[in-house]
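Enquirer: give me a 3D structure for the following:
(chains A, B, C and D)
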Number of protein chains: 2
Amino acid sequence: MPKSARSPVRRLKTQKNKQALIDATLDSIVELGIAATSVTEIIERADLSRGMIHLHFGSKDNLLVEAVKQTGELYYRNLEDALSVAGNTSQERIVAVIDCDLGERTLNHRSVNIWYAFRGEARERSKIALYTDTRDKKLNSLLFNEFRVLAEVEDASDATELAVDATHGTLAMMEGFWTDFLLHPDAFDRNHCKRVILRFISVLFPSSIGAEGPIFQNRAMR
Amino acid sequence: MPKSARSPVRRLKTQKNKQALIDATLDSIVELGIAATSVTEIIERADLSRGMIHLHFGSKDNLLVEAVKQTGELYYRNLEDALSVAGNTSQERIVAVIDCDLGERTLNHRSVNIWYAFRGEARERSKIALYTDTRDKKLNSLLFNEFRVLAEVEDASDATELAVDATHGTLAMMEGFWTDFLLHPDAFDRNHCKRVILRFISVLFPSSIGAEGPIFQNRAMR
DNA sequence: TCCTAAAATGAACGATCGTCCATTTATTTT
DNA sequence: AAAATAAATGGACGATCGTTCATTTTAGGA
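Expert: Numbers count the residues shown, from 1 in each chain, chains lettered A, B, ... in the order given. From the prediction side, this is the model:
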């Protein structure tokens, strides 16, 4: 073999250490914020040596980028999981997205703190943008497409505008509820938040979505 | 005079320097974020000497607290101004709140960056909470009271729940649109955002609010 | 088992952090 | 005009920042 053959045990250990650094970074951000997340703080949490960050990531900055990336991927993975078990009607998929966004797996103390920490720090804004804008666009177009289907069922004067407004409003509300959770985690009520969103979209699409969730109305009944 | 009499010229100069430090701090936060807002950065922007922060605020931390406080007060002042020129019907006051929250005076590059910077930094969370929770509660109860009035007009099965949901949903949407502005300031469209919110509350209170704004319906018409 | 090379270590570096305080400057009072 | 006092200055302090690299440890192949 001319080049160094991969050695599975070594690769595994290295990968484990890299992940330990990322986890320690995110833990520190959750507890102390980005400003207080120093190299010393990270390596002590990971119980590794000082040089590891430079060795595996080149710099502390790159480590932060990797941490952002994983955070974005986690949201997206949760969403795909939720959609994979959801029904295939538009109303079911829309409600699945809302349930996922407000569910404990996606919206919790850890994730919301990480999310707002990166958003708040201007230096990190461009980094997080790289890994969240794509997701945002997908989420946006996903919701829009489903709302567009529902808009056809209603006798809206402008079905596209209805779908655009529903998408924009739903996303804004979900965003707003994340902020609620950040600022008042104890008073937060997932079911109430879901009810408010459903109330919004159910009046826009009365044929397809009710206050309790999707409606499977016989088309002939119209 | 037993104690030191106030000397107006001195007091004025001192006050001016204190404000210059606060402004420089906020400028730096907007441009560089909280983490990069160091004492050196602040005093260079304010063109003052290094010891001024300790002299006037005791510490850099206290200066940040003062900066947060002013930011919260600014929002509140804008809101009161908007309400003072608004009509006195519930629907007018509600729309005035929305217009103010999404208006240029309140929602702009500077304010949104400051807001999210403080929110994102865990260390600052408790400080900002001191000066924003009161405001949030006032905003919340203000909207709720007005929505509660409108809910009576509608023939809702549960007027209180309707008002709670409308309040919560409106606040969440406004929050979400602030995030939109933060992440995509160029693509942001104030009128579109207002339209989405109005669409939401107009279907909840069809007798009082239309897609274009307040409705002054003759009660006898019902 | 010894050798090679990848992985991990941690002491040390210069830079910068927030704070402090002796000194200088500016204003008001005597 | 001199004395008193408040305000402002900026050099210096120890602590901590992110990074570097010579050295040690560890795993895999010979």
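Enquirer: setting aside sequence neighbours, what's the nearest residue to the residue in chain A positioned nearest to chain B?
Expert: Using Cβ to the nearest Cβ, A:Gly120 is the residue of chain A that sits closest to chain B, at 1.8 Å. C-beta here means a position set from N, CA and C on the backbone, and glycine is covered the same way. Excluding the flanking residues, the one nearest A:Gly120 by Cβ to Cβ, 6 or more residues apart in numbering or on different chains is B:Gly120, at 1.8 Å.
Enquirer: thought A:Ala117 was touching the one you found, still the case?
Expert: Yes - counting by Cβ atoms under 8 Å, A:Ala117 is a contact partner of B:Gly120 at 4.9 Å.
Enquirer: shared neighbours of those two, anything?
Expert: Residues within reach of B:Gly120 and of A:Ala117 at once, by Cβ atoms under 8 Å, 6 or more residues apart in numbering or on different chains, are A:Gly33, A:Ile34.
Enquirer: which residue ranges form the strands in chain A?
Expert: In chain A, the strands defined using DSSP state E lie at A:209-210, A:213-214.
Enquirer: mean pLDDT, mean neighbour count and distance to DNA strand C added to the ones you listed, as CSV?
Expert: Formatted as CSV, those follow (pLDDT from 0 to 100; neighbours: other Cβ atoms under 10 Å in any protein chain shown; distance: least, Cβ to the nearest atom of the strand, whole Å):
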stretch, mean pLDDT, mean neighbour count, distance to DNA strand C
strand A:209-210, 94, 20, 50
strand A:213-214, 94, 18, 49
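Enquirer: please list the residues of chain A that sit near DNA strand D.
Expert: Within reach of DNA strand D by Cβ under 7 Å from any atom of the strand, chain A has these residues: A:1, A:5, A:7-10, A:13, A:36-41, A:50-51, A:53-55, A:59-61.
Enquirer: lowest-confidence helix or strand of chain A?
Expert: Within chain A, no helix or strand scores below helix A:122-153, which has a mean of 87 by mean pLDDT, DSSP states H and E.
Enquirer: so what pLDDT did the residue of chain A found nearest DNA strand C get?
Expert: Residue nearest to DNA strand C within chain A (Cβ to the nearest atom of the strand): A:Gly51, separated by 2.1 Å. According to the prediction, A:Gly51 has pLDDT 97.
Enquirer: do the same with A:Pro8
Expert: As predicted, A:Pro8 sits at a pLDDT of 73.
Enquirer: ok, and the closest non-adjacent residue to the residue most central in space within chain A?
Expert: Nearest residue to the geometric centre of chain A (Cα atoms, centre = their mean): A:Tyr75, 3.3 Å. Closest residue to A:Tyr75 apart from its sequence neighbours, by Cβ to Cβ, 6+ apart: A:Thr106 at 6.1 Å.
Enquirer: so the one you found touches A:Gly72, yeah?
Expert: No - look at A:Thr106 against A:Gly72 with Cβ under 8 Å: they stay out of range, at 12.0 Å.
Enquirer: related to what we said a few turns ago, and for the residue of chain A closest to DNA strand C, the neighbour number?
Expert: When neighbours are defined as other Cβ atoms under 10 Å in any protein chain shown, A:Gly51 has 10 of them.
Enquirer: how many neighbours does the residue nearest to A:Gly120 have?
Expert: 28.
Enquirer: and it, what pLDDT?
Expert: 91.
Enquirer: near A:Arg199, how many other residues are there?
Expert: Neighbour number of A:Arg199 under other Cβ under 10 Å is 21.
Enquirer: OK, contacts around it?
Expert: Applying Cβ under 8 Å, 6+ apart, the residues contacting A:Arg199 are A:Ala211, B:Asp165, B:Gly169, B:Leu204.
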